[in-house]
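Enquirer: pasting the sequence and the predicted coordinates here, then a few questions.
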Amino acid sequence: MSSQLNPAKNFFILLLGAGLIGLAPLFVRWSELSPSWILFYRMFLALPFLALINIYFNKDQAFRLKNRKNLLFAAIAALAFATDMSAWHWSIQFTSIANSTIIVNTAPIYVVILGIFLFKESVSGRFLLSFVSTYIGVFGLVYFSNTKADGALFGDALALMAAFMYATYLLIISKLGKESSINIIFYTTLFTCLFSLIPAFIESRDFLPTSKFEIYNLFAMAILCQVGGQFFITYSMPRLTASYGSVGLLMQPIIATIFGALIFSEYLNLIQLGFVILALVGIYFARLEINPTNKEGHDELSNQSTGA
């Protein structure tokens, strides 16, 4: 009986983590700060909590990497992650939450493509079907989008850029071997916090929250999304099959799309909804492609395969 309950419990934890990250676009939209300053505070405010989690779970191995060179790779990965997150935050300012979140979740497609060209990795025929399904869904969603505001297509392009940069981040992380996932999340959060200051100061010199709501909003984003969401995903993914993990991670774009409609009236019509489902099916199979059996080297891909 307990063996049957554990997968159910871990799947619920994964759904919770993905759902919490799905709330991130709301906090971005509600914030009065520029997109990169939002990113800075998301990382900065999360760091003390991630440090405590690291100490609790890793004890004397907290903050210690098995290979010191991996600290450099973590920094390079964080540069890609900072670019991803900054582009994604900007995209939410121009296009709908549904468009931005669905497009950024196509990152697994680019993971496979980059793996083919950079590491000569092989793929199955299933990937071709996932690629076609994903991009018919994405292009259909964009084409039939209800968003008529100026710059919506630019926002979609930024989300596409974010997806590519997140794929780059995932590929670098996947090459870090047997390092602790919690250690890696801490260091990538730390370096992302530092790198985010570059575009943040270019965007604006107004970086201090000006209201209690802004402070609560930033803390909520840091704790719920960066700490809670990332930790729950990292905890649950290694304890689930690739199939369950891939399904669970789809909760993130689903939650984002639902709340985008409920709070910002960004409703999808039936045609758009059909293309969203088609895209999600493709993303699901692409995630299976990058982690078919939790094989060595892809553990981090499974633990962190949501780009928001």
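Expert: Nice, thanks for sending it over.
Enquirer: and L23, backbone torsions?
Expert: phi -80, psi -10 (degrees, to the nearest 10).
Enquirer: doesn't T257 make contact with it?
Expert: No - assessed by Cβ atoms under 8 Å, L23 is found out of contact with T257, at 11.9 Å. Where C-beta positions appear, they are placed from N, C-alpha and C, glycine not excepted.
Enquirer: the more surrounded of these two?
Expert: Using other Cβ atoms under 10 Å as the criterion, L23 and T257 rank with T257 on top: 25 against 20.
Enquirer: what sits against S34?
Expert: By Cβ atoms under 8 Å, 6 or more residues apart in numbering, the contact set of S34 is A200, E203, S204, D206.
Enquirer: just the ones of these in helices?
Expert: A200, E203 (DSSP state H).
Enquirer: how many neighbours does S122 have?
Expert: By other Cβ under 10 Å, the residues close to S122 number 7.
Enquirer: how about the one 5 residues further on?
Expert: By the other Cβ under 10 Å criterion, the neighbourhood of F127 contains 21 residues.
Enquirer: in what helix or strand does it lie?
Expert: Counting by DSSP states H and E, the element that carries F127 is helix 125-143.
Enquirer: name the next helix or strand downstream of that helix, please.
Expert: Moving toward the C-terminus from helix 125-143, the next helix or strand (DSSP H and E) is helix 152-174.
Enquirer: three-state assignment of the nearest residue to A24 once chain neighbours are set aside?
Expert: Leaving aside its chain neighbours, A24 sits nearest to C225 (4.6 Å; criterion: Cβ to Cβ, 6 or more residues apart in numbering). Secondary structure for C225, judged by DSSP: H, G, I helix; E, B strand; the rest coil, is helix.
Enquirer: could you count how many residues lie near C225?
Expert: C225: 24 neighbours (other Cβ under 10 Å).
Enquirer: that one: what's it in contact with?
Expert: C225 neighbours (Cβ under 8 Å, 6+ apart): L20, I21, L23, A24, F27, R42, A308.
Enquirer: repeat the analysis, applying 6 Å as the threshold.
Expert: By Cβ atoms under 6 Å, 6 or more residues apart in numbering, the contact list for C225 reads L20, I21, A24.
Enquirer: pull the longest helix from this structure.
Expert: helix 69-94.
Enquirer: now do that helix: which elements does it pack against?
Expert: Applying 3 or more Cβ pairs under 6 Å, 6 or more residues apart in numbering; DSSP states H and E, one finds that helix 69-94 contacts helix 24-30, helix 35-58, helix 97-104, helix 152-174, helix 181-203.
Enquirer: and stretch 19-36, C-alpha only, in PDB?
Expert: What follows is stretch 19-36, C-alpha atoms only, in PDB (Å, rounded to 0.1, in the frame of the first residue of the first chain):
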ATOM      1  CA  GLY A  19       1.700  25.100 -10.000                       C
ATOM      2  CA  LEU A  20       3.600  27.600  -7.800                       C
ATOM      3  CA  ILE A  21       6.000  28.400 -10.600                       C
ATOM      4  CA  GLY A  22       2.900  28.900 -12.800                       C
ATOM      5  CA  LEU A  23       2.000  31.900 -10.600                       C
ATOM      6  CA  ALA A  24       5.200  33.700 -11.500                       C
ATOM      7  CA  PRO A  25       3.700  35.700 -14.400                       C
ATOM      8  CA  LEU A  26       1.100  37.200 -12.100                       C
ATOM      9  CA  PHE A  27       3.800  38.600  -9.800                       C
ATOM     10  CA  VAL A  28       5.700  40.000 -12.800                       C
ATOM     11  CA  ARG A  29       2.600  41.700 -14.100                       C
ATOM     12  CA  TRP A  30       1.700  43.100 -10.700                       C
ATOM     13  CA  SER A  31       5.200  44.600 -10.100                       C
ATOM     14  CA  GLU A  32       5.900  48.200 -10.700                       C
ATOM     15  CA  LEU A  33       9.700  47.500 -11.200                       C
ATOM     16  CA  SER A  34      11.400  46.800 -14.500                       C
ATOM     17  CA  PRO A  35      11.600  43.200 -15.500                       C
ATOM     18  CA  SER A  36      15.200  42.600 -14.700                       C
END
